[in-house]
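Peer 1: from the sequence below, what's the structure:
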Amino acid sequence: MAAMNGSESGQSELPAWAKEVIALYESGAAGEFLLHGNVGDRMLVPEPDGRAGARLGRLIDFLMEVMLPQFDVVLSYDLGKGLRVERGKEIFNAWPTRKELPDLPRTPLPAIRAIDRFLHYLRNLRAVGADSYTAAVILRDADLYLPELPGALHQDLDSMASLVRSWATDHVLPLHGQAVFVLARRLNSLHRLVALNPRVGEVEIPLPSPAELRAVLEILSDDCPAALAGFRDDLGRPARRLSGTSVAALEAMLRLNEHAGRTLSGADLSDLRKTLVERDAEDLIEFIEPDRTLDDVIGLDDVKTRLRQDIELWRKDDVAALPMGYLLCGPVGTGKTFMAECLAGEAGIPVVTLRNFRDRWVGSTEANLEKIFHLLHSLGRCIVFIDEADQALGRRAAGSGDSGVSSRVYSMIAAEMSDTRNRGKILWVLASSRPDLIEVDLKRPGRIDVKIPIFPALDPTEAMDLLAALCRRRGLELDAEARKDLQPVLPELLTPGAAEALAVAAYRLTRTSSLPPPLAIAECLKGYRPPVSRKVLLAQMRLAAEEATDAGFVPDAVREMLE
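Peer 2: Alright, predicted model coming up:
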């Protein structure tokens, strides 16, 4: 039996996914492999014959040169080029049925049937004791011609999926020196007969690690010396800062800057990472590197102390004590989003917010989520922030109008949030003014361990401190006398959002009417009506207080107010 090449290139130098494929094949556990994730990217291809170094190539180059050099025949298929013989044309042309195929099939079903017949032909040769050959098959972009389509029978599609599934369930591929690679970007886009086959070795190809990006930069430094001149002595720095980007996106960016004669600096890396990550994610996420810390949060001292303790544990890699996630709950306008950004800035890690990943096409929503999770795993440490979590996370029981999408979204997110392998890597932060509408299972320990209520200003002094701080950020200074005069007329239960609106309105008046800051604020307070009624605020405060995981998070003034 032909073995996959795990020694000639030095298996210790192979990526983890390649080692997993080799182990599955050589043990006989699997002969068909579903490679998904970063399959369309450029990657490091080790030099042959044990020579040091690597070059940039495609996944098929890696498979052909590193994984399958000992296989006599390699066939590939994709929609554009049809069925191709990548290696072993003489052996393939000696196949008796080849005479019936003057032109190799280009459409999927005839191509898959031809591959199936050829694999059986090679097995029959071995069975009768004739010359036997090893063969590998690579199905590229399989999700394009083996998609998951719900509804009635799709005869050609289901026939192809059944054949591809049969190759794995025959249990004979490794025994006969045969291997099949099915390449698909997203599992949820692939036909379920293939994607859910337990006999298929499912292996995710991740985005490149910082170490791999450093090796890529070393290769590209010869072609892009000007762009990388600022990092010539430390290519590890941009590699670490740009983690989460694909090799193809990184290479394109470097070549564009080299063409423009522009040298990248350390200050460019954050913006570059944001641009590259969002482009690779197809605008399914927004990537933010915050420039604020918990020092920018006004009040909430007990909460900030707890969060800083967790961050310190994170910095020390003492992840066993870290929560899997936080729930920030409180009335609208209390600064839950701002708190999440400050938490990320304090920890020095990026924030990823989920954009509109839902799609009208069946299966697309789940495929989008799969891509998002694939990206999150490559970022190292990050915070995933989900605003309006009561609406965004779906429901365990789907309604009849969404074909079960909501429940599938719920299941996928719930599984990802509870994956203990993500502890210390992905921190989930949910925000909601209606935490009672979030499914109980999503709020349980092991997914959301800490629930933090955030309340409006509870007394005139606190409200004045909040408004004065927000005015100061706009250059509007209030002395002690002005604060004393304004404090009695401030609205009750002032939220940071409402205070921000007042500060903006006051700043506008100082510019348009030349009023001094105290008079501008006083003018804005005349006839002021809060954006949210007191009744709604109190109801949302009660919900937040009931969710709190620590009694110390709920001030005595709130308890008295809600009694």
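
Peer 1: let me see the ranges of the strands in the protein.
Peer 2: 32-37, 43-46, 54-57, 73-78, 82-87, 135-139, 178-184, 201-205, 285-288, 325-329, 351-354, 382-386, 426-432, 450-453 (DSSP state E).

Peer 1: pick out the shakiest of the ones you listed, pLDDT-wise.
Peer 2: For the strands of the chain, the weakest mean pLDDT is recorded on strand 285-288, namely a mean of 81.

Peer 1: run the angle between the lowest-mean-pLDDT helix or strand in the chain and strand 382-386 for me.
Peer 2: Taking mean pLDDT, DSSP states H and E as the measure, the chain has helix 268-280 as its least confident helix or strand, at a mean of 78. Angle, helix 268-280 to strand 382-386, by axes from the mean of the first three to the mean of the last three Cα atoms, to 10 degrees: 50 degrees.

Peer 1: ok, back up a step: using CSV, please lay out the strands of the chain together with mean neighbour count and distance to Lys19.
Peer 2: Every residue, glycine included, has its C-beta placed from N, CA and C. Formatted as CSV, these follow (neighbours: other Cβ atoms under 10 Å; distance: least, Cβ to Cβ, whole Å):
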stretch, mean neighbour count, distance to Lys19
strand 32-37, 24, 13
strand 43-46, 21, 13
strand 54-57, 16, 16
strand 73-78, 22, 21
strand 82-87, 18, 23
strand 135-139, 26, 18
strand 178-184, 25, 15
strand 201-205, 20, 10
strand 285-288, 19, 30
strand 325-329, 28, 32
strand 351-354, 21, 29
strand 382-386, 24, 26
strand 426-432, 25, 24
strand 450-453, 24, 37
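
Peer 1: pull out the buried residues from the least confident helix or strand of the chain.
Peer 2: Asp268, Leu269, Ser270, Leu272, Arg273, Lys274, Leu276, Val277, Glu278, Asp280 (16 or more other Cβ atoms under 10 Å).

Peer 1: same thing with stretch 81-100?
Peer 2: For stretch 81-100, the neighbour count (16+ other Cβ under 10 Å) marks Gly82, Leu83, Arg84, Val85, Glu86, Arg87, Gly88, Ile91, Phe92, Trp95 as buried.

Peer 1: what's the most distant pair in these?
Peer 2: The distance between the two most remote of the buried residues of stretch 81-100 (Cβ to Cβ) is 19.2 Å, for Gly82 and Ile91.

Peer 1: residues in contact with stretch 91-105?
Peer 2: Contacts to stretch 91-105, defined as Cβ atoms under 8 Å, 6 or more residues apart in numbering, come from residues 72-73, 75, 82-85, 111, 114, 117-118, 121, 133.

Peer 1: Leu254: which of the residues you listed is nearest?
Peer 2: Arg84 (31.6 Å).

Peer 1: ok, the closest one - contacts?
Peer 2: With contact set as Cβ under 8 Å, 6+ apart, Arg84 has these partners: Leu75, Ser76, Tyr77, Leu104.

Peer 1: for the stretch 101-250 of the chain, just list every one of the helices.
Peer 2: 108-127, 142-145, 155-169, 192-195, 210-220, 236-241, 247-260 (DSSP state H, counting those that start in this stretch).

Peer 1: oops, could you answer that again for the stretch 251-400 of the chain instead?
Peer 2: Using DSSP H, counting those that start in this stretch, helices in the stretch 251-400 of the chain cover 268-280, 301-315, 336-347, 364-378, 389-392.

Peer 1: the residue of the chain most remote from its centre and Phe62, how far apart?
Peer 2: Relative to the centre of the chain, and counting by Cα atoms, centre = their mean, the farthest-placed residue is Glu481 at 51.4 Å. For Glu481, the distance to Phe62 equals 73 Å [Cβ to Cβ, to the nearest Å].

Peer 1: so what's the residue nearest to Arg358 when sequence neighbours are not counted up against?
Peer 2: Leaving aside its sequence neighbours, Arg358 sits nearest to Thr365 (Cβ to Cβ, 6 or more residues apart in numbering; 4.9 Å). Shown in contact with Thr365 (Cβ under 8 Å, 6+ apart): Phe357, Arg358, Asp359, Val405, Arg408, Val409.

Peer 1: drop anything exposed from those residues.
Peer 2: Using 16+ other Cβ under 10 Å, the buried ones in the contacts of Thr365 are Phe357, Arg358, Val405, Arg408, Val409.

Peer 1: neighbours around Trp166, how many?
Peer 2: If you look again at residue 166, you'll see it is Ser, not Trp. 14 (other Cβ atoms under 10 Å).

Peer 1: any idea how far it is from Ala389?
Peer 2: Distance from Ser166 to Ala389, by Cβ to Cβ: 43 Å.

Peer 1: how about Arg292: what's its closest non-neighbour residue?
Peer 2: Of all residues not flanking Arg292 in the chain, Gly345 sits nearest, at 4.8 Å (Cβ to Cβ, 6+ apart).

Peer 1: one more: Glu212?
Peer 2: Using Cβ to Cβ, 6+ apart, the closest residue to Glu212 is Leu44 (6.1 Å).

Peer 1: my guess is that neighbour contacts Glu218, does it?
Peer 2: No. Leu44 is beyond contact range of Glu218, at 10.2 Å (criterion: Cβ atoms under 8 Å).

Peer 1: can I get stretch 156-167 as PDB, trimmed to CA atoms?
Peer 2: What follows is stretch 156-167 as a C-alpha-only set of coordinates in PDB (Å, rounded to 0.1, in the frame of the first residue of the first chain):
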ATOM      1  CA  ASP A 156     -28.000  14.100 -11.000                       C
ATOM      2  CA  LEU A 157     -26.800  15.900  -7.800                       C
ATOM      3  CA  ASP A 158     -27.900  13.100  -5.500                       C
ATOM      4  CA  SER A 159     -26.300  10.500  -7.800                       C
ATOM      5  CA  MET A 160     -23.000  12.300  -7.600                       C
ATOM      6  CA  ALA A 161     -23.100  12.700  -3.900                       C
ATOM      7  CA  SER A 162     -24.000   9.000  -3.500                       C
ATOM      8  CA  LEU A 163     -21.000   8.000  -5.500                       C
ATOM      9  CA  VAL A 164     -18.600  10.300  -3.600                       C
ATOM     10  CA  ARG A 165     -20.000   9.000  -0.400                       C
ATOM     11  CA  SER A 166     -19.600   5.400  -1.500                       C
ATOM     12  CA  TRP A 167     -15.800   5.900  -2.000                       C
END
